[in-house]
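Asks: Can you look at this prediction? I've put the sequence above it.
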Amino acid sequence: MNDELKTLHATVIGYPRIGADRELKRALEAYWSGRLDEPGLDAAAATVRSQMLDDLAAAGLDSVPSGTFSLYDHVLDAAFAVDAIAPRHRRDSPTDAYFAAARGDAEAAPLEMTKWFDTNYHYLVPEIGPDTEFRSRPAKALAEYDEAVLRGLNARPVLLGPVSFLLLAKATDNAPEGFQPLDRLDELTGVYAELLTALVDAGATRVQLDEPALCADRTEAELEAVRTVYTELGRIADLLVTGGYGPFGESLPVLLDAGVAGIALDLVSGRDDLETLESHGVSRETFIVAGVVDGRNIWRCDLAAAGADIERLQRLSDNVGVGSSCSLLHVPIDLEAESGLDPLLTERLAFARQKLREITSLATPGTGRPGRPASPESWRDEIVRARLADLPTGADRRADYDERVKQQPDLGLLPTTTIGSFPQTAELRQARSAHRRGLMIDADYRARMKAEVAAVIAEQEKLGLDVLVHGEPERNDMVQYFAEQLTGFATTDAGWVQSYGSRCVRPPILYADVARTAPMTVEWTGYAQSITDKPVKGMLTGPVTILAWSFVRDDQPLADTADQVALALRGEVADLEAAGTRVIQVDEPALRELLPVRAAGREAYRRWATRAFRLATAGAAPGTAIHTHLCYSEFGEIIDAIAELDADVTSIEASRSKMEVLADLDRVHYHRGVGPGVWDIHSPRVPQVEEMAEALRLAARATGPSRLWANPDCGLKTRRYEEVRPALANLVEAARIVRAEHS
């Protein structure tokens, strides 16, 4: 195959955009706080873009994507590129308008935010109505294309495709019944034609249109619309259409028949497209990017298996390239920044820069294509496996809810609580860092954390909340904290990944069998309970979320790994109970996140995901109230799974989506406790009392007041006390008002 390998093209679908040291995060937060002006923000953004281009240039790729940088979110960028800005967000300053849509401001609430397919990235949901006036705004795409060209790079502008843009959008509140954003596809296609024309006129020889929504199940009408759109747009520009989150499936023949010049396949999670291509046929001139390098996980590519897939494609086309399965947005930037990982693990890993080298290696004739070594036997824990095998039938089931609730504390009508964390101040972060680096002894560290717990308890008692939390000052992250105390995990020093906007996380690496060796949370929860007469919630992160927000081993089924994590958490629940904790919250905000993009795999996922949660919690006594929390997802798609968790109380994000989840709960006759969030904590806005009270009234009408809780949408770690105190005071007062109306 060496002669054929000479024709291979090396590229990548997208690249991390936060900066190697999170420079963008720091610049954004400085700008929002008033410590950096707009020219300073622009300069910081230009530096990050330059870093991105440096990495792409150094890798020796034949072409690079441009326009994938974003100050906050690429879907929001797409909305601004077509001027689809909600009227409430229009401002004299385009930057003010952009951040008003992203975060909200004193005048308006932000756009709704939800998960990007089956990832932990959050995107902002465009609002499209019959009266939305689309206009071409190519300035950002043109400027970033020019930046790359001036560096001497063969740049390929990238835009979110028009079909995905509308499928990811929601109808405006005033849209007539039955209206769908996709109804506006004809008008939007005309605007995309203008965008493409501007890019072609600027010298672009190929444009990438990302259409990840075509990797989900699509109707015949939607597929016909795809055919029409891409037949038209393909006449204007040489298009590379990408998916990236599974197989194109039935969309693939439609795109090929529409005559698109190129197609990028996700051959990590969408290998069925190989068979589709082979059976459907493809022009020998069609550019096919083999997405064989995983853009979602950090395990080194199996170069031998990838090479076999590439050779299959070379039998179909004379124009084959090697690339990533999707954008590398979802992985950290550089493995070489890590010094504390076990070499046995490190040699099996690849971050973004290493993945670029894998791509160019696969595209270079004469380089070796070794397979990936098997996981060592030392990563197996036979005791854990035996304990799981010996679990009795029914180990994942509690007593009936109606019987349990009679034994649980009566907190009265409309109890108030928070989701878990309180603000993580600079002083707290400094104390944790000093302790981690050995600059603060254990006794001083524990005293500092307990002082913070005491202060948080006092704040909540002063505010009048009914069920308290200890505030989680000892936790750097709701997943990493547990990963650091469980076997089978490794944590990184600089493995940052963007979750949304300036929010970055460091996903742990789950590489081996998982076990708990000691209690993880009992000390802090027990101390908090010892200084108050009000109930304090124990706070745990659920097994599905721990998997979703980690880089997980791929050498065994996810269901098996989830059960191992659940078994560890089951022991923690037992220890919390033994210490006197009677309310335990096991958060599963990622329950929707791992839901397969296509319907075919969803039932199997729902079975193992809900079983893992129940396995973690079913050992609790009937009198122990098990809470869970979910946020920022399309809950209607998992509403049956939420019911199957069998939690006593579910708190759920609802403010940005205007309580849409209530209709879904009603549809499945959900009759357990529910706390639809009435404060969007991802925005700096402090909602007023009447705003929260009206949300609670709406919820009470939908669920009945007897099962209703009042709480924020999510934890408060990213907010400042200047926002938290008035917002929680307003929440307590709103609950008091609505409680009085129903007493």
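Replies: Here it is on my side, so go on.
Asks: Let me see the domain layout of the protein.
Replies: Split into domains by automatic domain parsing, the chain comes to 2-365, 413-742.
Asks: Glu377: which of these is closest?
Replies: Each of these has some distance to Glu377 by CB to CB; the shortest is domain 413-742, at 10.4 Å. For the C-beta atoms, the positions are set from N, CA and C on the backbone; glycine is no exception.
Asks: sec struct for the residue nearest the centre of the chain, please.
Replies: Compute the mean C-alpha point of the chain, and by CA atoms, centre = their mean the closest residue is Asn120, 1.5 Å away. Three-state assignment for Asn120 (DSSP: H, G, I helix; E, B strand; the rest coil): coil.
Asks: give me every residue that touches it.
Replies: Neighbouring residues of Asn120 by CB atoms under 8 Å, 6 or more residues apart in numbering: His330, Val497, Ser499, Val505, Pro507, Ala548, Trp549, Ala590, Glu593.
Asks: Quick one: the domains of the chain as CSV, columns for mean pLDDT and distance to Ala399 too.
Replies: Conversion of the domains of the chain to CSV gives the following (pLDDT from 0 to 100; distance: least, CB to CB, whole Å):
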stretch, mean pLDDT, distance to Ala399
domain 2-365, 96, 33
domain 413-742, 93, 5
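Asks: Dump those domains to TSV, plus distance to Leu388.
Replies: Shown next, in TSV, are the domains of the chain (distance: least, CB to CB, whole Å):
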stretch	distance to Leu388
domain 2-365	24
domain 413-742	6
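Asks: Quick check: end-to-end length of stretch 344-352?
Replies: The first residue of stretch 344-352 is 19 Å away from its last residue (CA to CA, to the nearest Å).
Asks: List the buried residues in it.
Replies: For stretch 344-352, the neighbour count (16 or more other CB atoms under 10 Å) marks Leu345, Arg348, Leu349, Ala350, Phe351, Ala352 as buried.
Asks: got it, and stretch 216-223?
Replies: Going by 16+ other CB under 10 Å, stretch 216-223 has these buried residues: Ala216, Arg218, Glu222, Leu223.
Asks: these two touch, right, the first one and Pro596?
Replies: So the one you mean is Ala216. No. Using CB atoms under 8 Å as the test, Ala216 is too far from Pro596 to be in contact (9.4 Å).
Asks: which neighbours do the two share?
Replies: Listed contacts common to Ala216 and Pro596 are Gly246; contacts here mean CB under 8 Å, 6+ apart.
Asks: Secondary structure element holding the residue nearest to Trp709 when sequence neighbours are not counted?
Replies: Distance criterion CB to CB, 6 or more residues apart in numbering; nearest residue to Trp709, sequence neighbours excluded, is Gly675 at 3.3 Å. Gly675 belongs to strand 673-676 when assigned by DSSP states H and E.
Asks: and the following helix or strand past that strand, what other elements does it pack with?
Replies: Per DSSP H and E, the first helix or strand lying C-terminal to strand 673-676 is helix 689-703. Helices and strands touching helix 689-703, as assessed by 3 or more CB pairs under 8 Å, 6 or more residues apart in numbering; DSSP states H and E, comprise helix 661-667, strand 673-676, helix 721-742.
Asks: For Thr114, give me phi and psi.
Replies: Backbone geometry at Thr114, expressed as degrees, to the nearest 10, gives phi -150, psi 180.
Asks: Offset the numbering so it begins at 575, please.
Replies: Taking 575 as the first residue, the last one we looked at is Thr688.
Asks: For it, list each beta-bridge partner.
Replies: Thr688 has these beta-bridge partners by DSSP bridges: Tyr697.
Asks: State the distance from it to Val1235.
Replies: Distance from Thr688 to Val1235, counting by CB to CB, to the nearest Å: 12 Å.
Asks: And these two? Which one has more around it.
Replies: Using other CB atoms under 10 Å as the criterion, Thr688 and Val1235 rank with Val1235 on top: 26 against 20.
Asks: Verify the contact between the more buried one and Ser1229 for me.
Replies: No. Using CB under 8 Å, Val1235 is not in contact with Ser1229; the gap is 10.5 Å.
Asks: thinking again about what came up before, which one of the domains of the chain lies closest to Asp974?
Replies: domain 987-1316 (8.9 Å).
Asks: chain center to that closest one: distance?
Replies: Here the centre of domain 987-1316 is set off from its chain's centre by 16 Å, with CA atoms, centre = their mean, to the nearest Å.
Asks: gap between the two ends of that domain?
Replies: 8 Å.
Asks: so how far is Ile872 from Leu919?
Replies: Per CB to CB, Leu919 is found 10 Å from Ile872.
Asks: Pull up the overlap in contacts between the two.
Replies: Common contact partners of Leu919 and Ile872 (CB under 8 Å, 6+ apart): Ile1083.
Asks: And the furthest pair within the buried residues of stretch 918-926?
Replies: Spatially, the most separated pair among these is Leu919 and Ala926, at 17.7 Å (CB to CB).
Asks: which residues touch Val732?
Replies: So, once contact is read as CB under 8 Å, 6+ apart, Val732 ends up touching Gly588, Pro639, Ser640, Gly641, Thr642, Val781, Gln782, Leu783, Asp784.
Asks: Also Ile1311?
Replies: Ile1311 makes contacts with Val1263, Ala1267, as judged by CB under 8 Å, 6+ apart.
Asks: Please verify my assumption that Val781 contacts Asp812.
Replies: Yes. Using CB under 8 Å as the test, Val781 is close enough to Asp812 to be in contact (7.1 Å).
Asks: Tell me which of those two has more neighbours.
Replies: The neighbour comparison of Val781 against Asp812 (other CB under 10 Å) goes to Val781, with 27 against 16.
Asks: and the more buried one, how far is that from Ala653?
Replies: 19 Å.
Asks: Show me the beta-bridge partners of the residue nearest to Trp1283.
Replies: With DSSP bridges as the rule, Gly1249 is bridged to Ser1225.
Asks: who touches it in this structure?
Replies: Gly1249 makes contact with Thr991, Val1223, Thr1224, Ser1225, Ile1226, Leu1282, Trp1283, Ala1284, Asn1285 under the criterion CB under 8 Å, 6+ apart.
Asks: for Ala924, same thing?
Replies: Contacts of Ala924 (CB under 8 Å, 6+ apart): Val867, Ile872, Trp873, Arg874, Cys875, Leu909, Arg931, Glu932.
Asks: wait, which of these is closest to Val1110?
Replies: Checking these against Val1110 by CB to CB gives Ile872 as the nearest, at 36.8 Å.
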